[in-house]
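Chemist: Please work out how this folds:
(one chain, ligands or ions: 1)
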Amino acid sequence: MFMTLKLQKLKTLLNEVQDLRSVGDLLEWDQQTCMPSGGGESRAEQFATVKKLAHERFVADEIGQLLADLSAKGAAGDYDSDDASLVRYTKYEYDRKRKLPSALESEIAQHTSAAQEIWVKARAENNFKFFQPALEKMYDLKHQEAEAIGYSESIYDALLQEYERDMTAAQVKSVFDPLRAEIAPLVKAILPRVDSVSDACLHQPFDVDKQREFEATVIKQFGFDFGRGRVDVAVHPFEINFSPDDVRLTTRYDPNFLNPSLFGTMHEAGHGMYEQNVSPTIRRTPLCGGTSLGIHESQSRLWENLVGRSRGFWIHFYPKLQAAFPHLAAADLETFYRAVNRVSPSLIRVEADELTYSLHIMLRFEIEKEVLEGRVRVSDLPEVWNAKMQEYLGITPPNDKLGVLQDVHWAAGLVGYFPTYALGTIISVQLFERAIADVPGIPAQIERGEFSGLFNWLKDHVYRHGKKFTPTEVVERATGGPLNSAPYVKYLKTKFGEIYGV
Ligand code: ZN
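Modeler: Numbers count the residues shown, from 1 in each chain. Coordinates of the predicted model:
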């Protein structure tokens, strides 16, 4: 068969796989937003069937043979071309999925649902011992998974690469260590002054319809296309999509606190704009979508924090927010800006502020790596966790519910996932800095409520490529240098140094 025919055949097969995956995503979106609670059991069956079909079709021998034939150097075109990228990426994903024995995969799937139920109960009862055997088994299974996939340096790499396909634990550590050395003293300096900033203005009654209206205006101006996307309500907000032309955001409204939905919607819109602007030439293929969780998170954090929590943004939008909520008249722009940037070292990761957030991530990264490498026992986790919390954030959890039991990730089998949150934050500042260097008018545009300069830069350097390039390649191509936490440190020191006078 000629290469062009093989490529055509591969695309036809992958289009169907992609359709099945999107159908699975649609079932999931529906479950999280509008399915009646009684639908759970049949939905789980439907979801499992669609997922199984997508998996079987993807790991088929025929796809493997086509990928092998097309992987010969230059067979599918030059490195940057859509076709060569499709073969390169799909081969990576295919090889990884084929390495995992199906018996192990189904054991992990089964244990994942069992462990999550145990975790819910253990957390509610503040009882780590009850969760411990399930967590030990989970780490044992993840150990087997990593061994099956293979690695060259740390066993952690095999699991991390499920989310960041060309990164290693050593690389993450080399970025996290200097970052922690800079942030921890800054947090300690701010700790005695946290009460110099009040966020009382954010804790007032805010009409939910007006919140929705205001947020829609904001993200529309960012560049989120409501003709190809929508916003719904979910308990745990997320972004999901079925194609670049159908992107679903979710949010959660608190009628007495502005932050969850205001910043949550900007965050999810960052994910959504990435997905909406993947090049149409790679739609309906495995390349269609954000390239890694870290790069994805860099987009949500960029719009949420670097734009949404900036003074410039509020110069334009605060009068509009005050018009929607006249009781904000009592707080001037500066008070409001400080309120949305208040630092408050928290026991809970998901409630952490912009400054302390990365410390929560580093702690989890270090712990899960040590458990996997056999240097810390699961039974010692509560103690190890609390010691690190004290060291990094200056607070000790009074119980495991507010400590080691707080996140669902490990119970859900997501080991190697946590670093992506902090990597995204670090990368968001690298990208933002570079965008401004390339388009110096961006800050002035933001003060006028215009975002096209920033949006178009991101579209050109990040969005349109989808999964064509690895996370490392995206950072290097977009910023001209490697992953680097120095811009993030500089940003934090400047911003929070000014707010807290340290
Ligand atoms: Zn996110």
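Chemist: Centre of the chain to stretch 364-375, how far?
Modeler: How far stretch 364-375 lies from its chain's middle: 21 Å, per C-alpha atoms, centre = their mean, to the nearest Å.
Chemist: name the element the residue nearest the centre of the chain belongs to?
Modeler: With distances taken as C-alpha atoms, centre = their mean, the residue of the chain nearest its centroid is E297 (3.9 Å). Per DSSP states H and E: E297 is located in helix 293-301.
Chemist: Repeat that for L86.
Modeler: helix 82-99.
Chemist: re the thing from before, which strands or helices does the helix holding E297 pack on?
Modeler: helix 259-276, helix 419-438, helix 471-479 (3 or more C-beta pairs under 8 Å, 6 or more residues apart in numbering; DSSP states H and E). The way it works is simple: take the backbone N, C-alpha and C, and place the C-beta from them, glycine included.
Chemist: now the ones you listed as CSV including mean neighbour count?
Modeler: CSV is the format used below for those (neighbours: other C-beta atoms under 10 Å):
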stretch, mean neighbour count
helix 259-276, 24
helix 419-438, 23
helix 471-479, 20
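Chemist: Pretty sure V194 sits against V343.
Modeler: Yes: taking contacts as C-beta atoms under 8 Å, V194 lies within contact range of V343: 5.9 Å.
Chemist: So for those two, which sits in the more crowded spot?
Modeler: Neighbour totals were compared for V194 and V343, and V343 leads with 20 against 14 (other C-beta atoms under 10 Å).
Chemist: Can you tell me the SS state at the more buried one?
Modeler: Following DSSP: H, G, I helix; E, B strand; the rest coil, we place V343 in the coil state.
Chemist: Please report phi then psi for it.
Modeler: The phi/psi pair for V343 (degrees, to the nearest 10) reads phi -100, psi 130.
Chemist: how much space between it and Y463?
Modeler: According to C-beta to C-beta, to the nearest Å, V343 stands 31 Å off from Y463.
Chemist: mind checking how far the closest residue to Q204 other than its chain neighbours is from E334?
Modeler: Setting aside the residues directly before and after it, Q204 is nearest to H327 in space (C-beta to C-beta, 6 or more residues apart in numbering), at 6.0 Å. Separation of H327 from E334 (C-beta to C-beta) stands at 18 Å.
Chemist: helices or strands next to the helix holding L86 in the packing?
Modeler: Checking 3+ C-beta pairs under 8 Å, 6+ apart, helix 82-99 ends up next to helix 3-33, helix 40-58, helix 61-70, helix 128-149.
Chemist: Now do the buried residues in the second one.
Modeler: Right, helix 40-58. 47, 50-51, 53-55, 57-58 (16 or more other C-beta atoms under 10 Å).
Chemist: What of the longest one?
Modeler: Of the residues in helix 3-33, 6-7, 10-11, 13-14, 17-18, 20-29, 31-32 count as buried by neighbour count, 16+ other C-beta under 10 Å.
Chemist: and if you look at stretch 142-150?
Modeler: Residues 142-143, 145-146, 149 are the ones in stretch 142-150 that count as buried (16+ other C-beta under 10 Å).
Chemist: Pass me the low-pLDDT residue ranges in the stretch 201-350 of the chain, would you?
Modeler: Nowhere does the stretch 201-350 of the chain drop to pLDDT under 70.
Chemist: change it to 90
Modeler: For the stretch 201-350 of the chain, applying pLDDT under 90 flags the ranges 235-236, 344-345, 350.
Chemist: which residue ranges form the helices in it?
Modeler: Using DSSP state H, counting those that start in this stretch, the helices of the stretch 201-350 of the chain run over residues 208-222, 259-276, 293-301, 311-324, 333-340.
Chemist: who wins for proximity to G413 among the ones you listed?
Modeler: helix 293-301 (14.9 Å; C-beta to C-beta).
Chemist: Would you mind writing the CA trace of that closest one as PDB?
Modeler: Taking Å, rounded to 0.1, in the frame of the first residue of the first chain, the C-alpha atoms of helix 293-301 are listed here in PDB:
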ATOM      1  CA  LEU A 293      -2.400  18.700  31.700                       C
ATOM      2  CA  GLY A 294       0.400  21.100  32.600                       C
ATOM      3  CA  ILE A 295       0.100  23.100  29.400                       C
ATOM      4  CA  HIS A 296      -3.700  23.000  29.800                       C
ATOM      5  CA  GLU A 297      -3.400  24.300  33.300                       C
ATOM      6  CA  SER A 298      -1.000  27.100  32.100                       C
ATOM      7  CA  GLN A 299      -4.000  28.400  30.100                       C
ATOM      8  CA  SER A 300      -6.500  28.300  32.900                       C
ATOM      9  CA  ARG A 301      -4.100  29.900  35.300                       C
END
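Chemist: Would you map out the domains in this structure?
Modeler: When the chain is parsed with automatic domain parsing, its domains come out as 2-126, 169-357+419-500.
Chemist: Give me whichever of those is most buried.
Modeler: Counting by mean count of other C-beta atoms under 10 Å, domain 169-357+419-500 has the highest mean neighbour count of those, with a mean of 19.
Chemist: list the buried ones in stretch 385-398?
Modeler: With burial defined by 16+ other C-beta under 10 Å, the residues of stretch 385-398 counted as buried are 385-386, 388-389, 392-393, 397.
Chemist: out of those, what pair is the most spread apart?
Modeler: Going by C-beta to C-beta, the pair spanning these furthest: Y392 and P397, at 12.4 Å.
Chemist: list the contacts for G264?
Modeler: Counting by C-beta atoms under 8 Å, 6 or more residues apart in numbering, G264 touches 237, 251-252.
Chemist: so who does G480 touch?
Modeler: Contacts of G480 by C-beta under 8 Å, 6+ apart are R434.
Chemist: Go again with 10 Å.
Modeler: Residues near G480 by C-beta atoms under 10 Å, 6 or more residues apart in numbering: 430, 434, 437-438.
Chemist: do R311 as well
Modeler: By C-beta under 10 Å, 6+ apart, the contact set of R311 is 318, 333-334, 336-338, 341, 443, 446-447, 495, 498.
Chemist: Now do it against G294, distance only.
Modeler: To G294, R311 is 27 Å away according to C-beta to C-beta.
Chemist: how many neighbours does S358 have?
Modeler: Close neighbours of S358, defined as other C-beta under 10 Å, add up to 24.
Chemist: Looks to me like it is in a helix.
Modeler: Yes: using three-state DSSP, the assignment for S358 is a helix.
Chemist: Verify the stated contact: it with Y491.
Modeler: No: counting by C-beta atoms under 10 Å, Y491 is not a contact partner of S358; they are 11.9 Å apart.
Chemist: re earlier: for the helices and strands packed on helix 293-301, give me TSV that also has distance to V120.
Modeler: Formatted as TSV, the helices and strands packed on helix 293-301 follow (distance: least, C-beta to C-beta, whole Å):
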stretch	distance to V120
helix 259-276	22
helix 419-438	22
helix 471-479	32
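Chemist: how about the nearest residue to F455, chain neighbours excluded?
Modeler: In space, and not counting its chain neighbours, F455 is closest to G223: 4.1 Å by C-beta to C-beta, 6+ apart.
Chemist: Same question for F451.
Modeler: Going by C-beta to C-beta, 6+ apart, F451 has F222 as its nearest residue, at 5.2 Å.
Chemist: tell me the contacts of that neighbour?
Modeler: F222 makes contact with 266, 269-270, 272-273, 303, 307-308, 449, 451-452, 454-455, according to C-beta under 10 Å, 6+ apart.
Chemist: Just give me the closest of these to Y156.
Modeler: Among those, and counting by C-beta to C-beta, the member closest to Y156 is G270, at 27.5 Å.
Chemist: Fine by me, thanks again.
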